[in-house]
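Visitor: sequence and predicted structure, then a few things I'm wondering about:
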Amino acid sequence: MRETAEKFGFNARHDTPVRSAAGSYPSGLDEAGTALTGMGQGSVTSTPLQMAMVTAAIANDGTVMKPHMVSELRSPDLTDLERTDPEELGRAVSADTAKKVRRMMEYTVAEGTGGAARTEGLTVGGKPGTAQHGADVRDERPYAWFTSYATRPDGTSPVAVAVFVDPQDMDVSRDRITGGSLAGPIAQAVMTAVRTP
């Protein structure tokens, strides 16, 4: 599990060039601790950038790309000043495994708890999450996550997005704090904004 997580970019810092904290997949876990990391709980930590990288790799047939903040810089007259060429970091999973995960993520949006991310004209795959983060899960307000990608009818994938919502100061009851309900609509808005080529 840890080896695969590291293939997706965990335990490494990714500068975009803005410095990002590293998602952490710890070593030395017992079987129960390892099982918890499989659903994003326990000792594993992540950032929205890290989850966007994971999701983009799934949409990209298992190949992880180096993240960057902007694709191009232009002058005021729109002349290109600088472009960032795509750069592969490596293969995290096989194309077949990525395809199986995409089918599950697309089902989650089409028929499951990710329905808020459905986007007209795109096939969307997504995974909502609700993450406890305190010692007493009965009193805490969990974090809401949603990670997703969108694919155009021609098969190209214009976007992968990860949304993190910390609802500590939001006027919403604890039982309504879920990744699908709070973070899913934000992901949908981003995918709608970039759906045109």
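Guide: That came through fine. Small disclaimer: the values here were computed from a predicted structure and weren't measured. Numbers count the residues shown, from 1 in each chain.

Visitor: please tell me how far Ala131 sits from Ala21.
Guide: 16 Å (Cβ to Cβ, to the nearest Å). Just so you know, the C-beta spots here come from the backbone N, C-alpha and C atoms, and that holds for glycine as well.

Visitor: if you could redo that for Val124, that was the one I meant.
Guide: 27 Å.

Visitor: neighbour count for the two, which is higher?
Guide: Val124 (24 against 12; other Cβ atoms under 10 Å).

Visitor: just the local confidence number for the more buried one, please.
Guide: Looking at Val124, its pLDDT stands at 96.

Visitor: ok, Asn11 next?
Guide: 94.

Visitor: mind listing the strands in the protein by residue range?
Guide: Ranges of strands in the chain, per DSSP state E, are 63-65, 72-74, 80-83, 88-91, 123-131, 143-151, 159-165.

Visitor: name the strands paired with the third one and say parallel or antiparallel.
Guide: Read that as strand 80-83. Sheet pairing of strand 80-83 (DSSP bridges) gives strand 72-74 (antiparallel).

Visitor: who's in contact with the strand it pairs with?
Guide: By Cβ atoms under 8 Å, 6 or more residues apart in numbering, the surrounding residues in contact with strand 72-74 are 80-84.

Visitor: ok, stretch 84-94 next?
Guide: With Cβ under 8 Å, 6+ apart as the test, stretch 84-94 has contacts from 4, 7-9, 54, 57-58, 62-66, 68, 70-72, 101.

Visitor: and that stretch, how far apart are its ends?
Guide: Start and end residues of stretch 84-94 are separated by 26 Å (Cα to Cα, to the nearest Å).

Visitor: let me know how buried the closest residue to Leu81 other than its chain neighbours is, in neighbour terms.
Guide: Excluding the flanking residues, the one nearest Leu81 by Cβ to Cβ, 6 or more residues apart in numbering is Leu73, at 4.5 Å. Each residue near Leu73 was counted by other Cβ under 10 Å, and the total is 11.

Visitor: run through the bridge partners of Leu73.
Guide: For Leu73, the beta-bridge partners under DSSP bridges are Glu82.

Visitor: go through the lowest-mean-pLDDT helix or strand in the chain and flag the buried ones.
Guide: Ranked by mean pLDDT, DSSP states H and E, the weakest helix or strand in the chain is helix 31-37, scoring a mean of 88. For helix 31-37, burial by neighbour count (16 or more other Cβ atoms under 10 Å) applies to 34, 37.

Visitor: for it, C-alpha coordinates in CSV please.
Guide: The C-alpha trace of helix 31-37 is given here as CSV (Å, rounded to 0.1, in the frame of the first residue of the first chain):
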residue,chain,number,x,y,z
GLU,A,31,-2.5,-4.5,9.7
ALA,A,32,-5.4,-2.4,11.3
GLY,A,33,-3.6,0.9,10.6
THR,A,34,-2.8,-0.2,7.0
ALA,A,35,-6.5,-1.1,6.5
LEU,A,36,-7.6,2.4,7.8
THR,A,37,-5.3,4.1,5.2
